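Student: pasting the sequence and the predicted model now:
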Amino acid sequence: MNAEHNNAKLTNRDLWKVFLHQLTIRGANNYERQQNAGFTEAMMPVIEKYHDDPDEKKEAYARHMEYFLTNDITSAIPVGVAAAMEERYATEGDIDADSINAVKTALMGPLAGLGDSLLNGTARPILAGIAISLITAGLGWAGPIFFVIGMSIVSLGVRYLGVFQGYKQGVKFVEKIQSSGLISRISELAAIAAYVIVGGFIPALVVISIPIVYQSGDTVLSIQETLDGLMPGILGMLYTGLMYFLISKKKISAIRLILITMIVGIVGAYCGILG
C-alpha cells in the first residue's frame, strides 16, 4: 500500500462512490458465487484508494470475489462495514484480512431475512396495494408513479444508511446487532405487520361475484346479496385461503394457480356463473 494512505480516512466523497457502486450489487449475479462481483464493484473505491501495489490490489479484489448472497438492498450494510474494515486493515493493520470476509458471511443470513421480511414482504406489498387502489379509483398513472417513487425512497434510503452508518459503526455495528437480537425481533414484527396489512387488502383486490338470481313468484333471491349479508367479500377471502393452502401445504406452483384462476374466471364468466 502507498505510504501516503497510511493514515488517510475515507471521505464523504469516497463513501458516495461506494454508495453508487453498491447499486450494481445484482448487476452480475452468477450461480457459483451469486453477488460477489457486485460486492467487489462496491468495494472498488476503497481498494483503489488504499492499494497501489499491483499484488496487494489483486489480493484485495480476490478477497471480495468470494461467495456473497443476501438481500440486495440490505447488502449495503455489509458493504459499509467492509469498507470500514478495509480502511482499518490498510491504515492500522491490527485486524486480519480474513476477518473482513468472516464479518460479511456472518451478516448475510440475518440481513437476508430482515430485507425479505421488512422490505419485500412488508414495504413493497403495502406500496403496491396503495398504488393499485389509486389505479382502481381512476387516478391512472398516479398509482405506478407512487409505487416507483415510494420504493425508490425506501431502497435508496436503506442503501444510504447501510453504507454510511455501516462504515461509521464498523465492527461495533456487527457486535451490536448480533448480541442484541435486534434483527430477529424486527423480522418477526415485520412479518406480523405484513400479514395484517396485506390481509386487509383482500376484500378490495380479490373480488368474486356470483350473478345467479333465483326467482319464485314475487320472491327474488340473489346469491351474491345473500353472501354479502353473511360477510362482505367472503368469496374473495375463501379463495385467497384456498390459494394459500394449495401453495403452502400442497406445494402447487403459484404460476400454475394463476393460470387455473384465469381459466376458471373466463369459463365461469362465459357460463354466467361468475360476474
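Tutor: Ah, there it is.

Student: for Gln22, give me its contacts.
Tutor: Contacts for Gln22 (Cβ atoms under 8 Å, 6 or more residues apart in numbering) come out as 38, 41-42, 75-76, 79, 159, 162-163. Every C-beta, even on glycine, is put in place using the N, C-alpha and C of the backbone.

Student: what about it, distance to Ser248?
Tutor: Note on Gln22: its distance to Ser248, by Cβ to Cβ, to the nearest Å, is 34 Å.

Student: okay, and the residue lying closest to His64 once chain neighbours are set aside sits in which element?
Tutor: Among residues not flanking His64 along the chain, Thr40 sits closest, at 4.3 Å (Cβ to Cβ, 6 or more residues apart in numbering). Here Thr40, judged by DSSP states H and E, is contained in helix 36-50.

Student: packing partners of that helix?
Tutor: helix 12-22, helix 54-64, helix 76-91 (3 or more Cβ pairs under 8 Å, 6 or more residues apart in numbering; DSSP states H and E).

Student: and the pLDDT at the residue nearest the centre of the chain?
Tutor: Residue closest to the mean C-alpha point of the chain, counted by Cα atoms, centre = their mean, is Asn120 at 3.5 Å. With respect to pLDDT, Asn120 scores 81.

Student: my guess is it meets Ala112, correct?
Tutor: No - using Cβ atoms under 8 Å, Asn120 is not in contact with Ala112; the gap is 10.2 Å.

Student: what do these two both touch?
Tutor: Asn71.

Student: number of residues surrounding the residue nearest to His64?
Tutor: Thr40 is flanked by 22 other residues according to other Cβ atoms under 10 Å.

Student: contacts only, for it.
Tutor: With Cβ under 8 Å, 6+ apart, Thr40 has these contacts: 61, 64-65.

Student: and these as JSON lines, adding neighbour count and distance to Leu274?
Tutor: Shown next, in JSON lines, are the contacts of Thr40 (neighbours: other Cβ atoms under 10 Å; distance: Cβ to Cβ, whole Å):
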{"residue": "Tyr61", "neighbour count": "15", "distance to Leu274": "59"}
{"residue": "His64", "neighbour count": "23", "distance to Leu274": "55"}
{"residue": "Met65", "neighbour count": "14", "distance to Leu274": "54"}
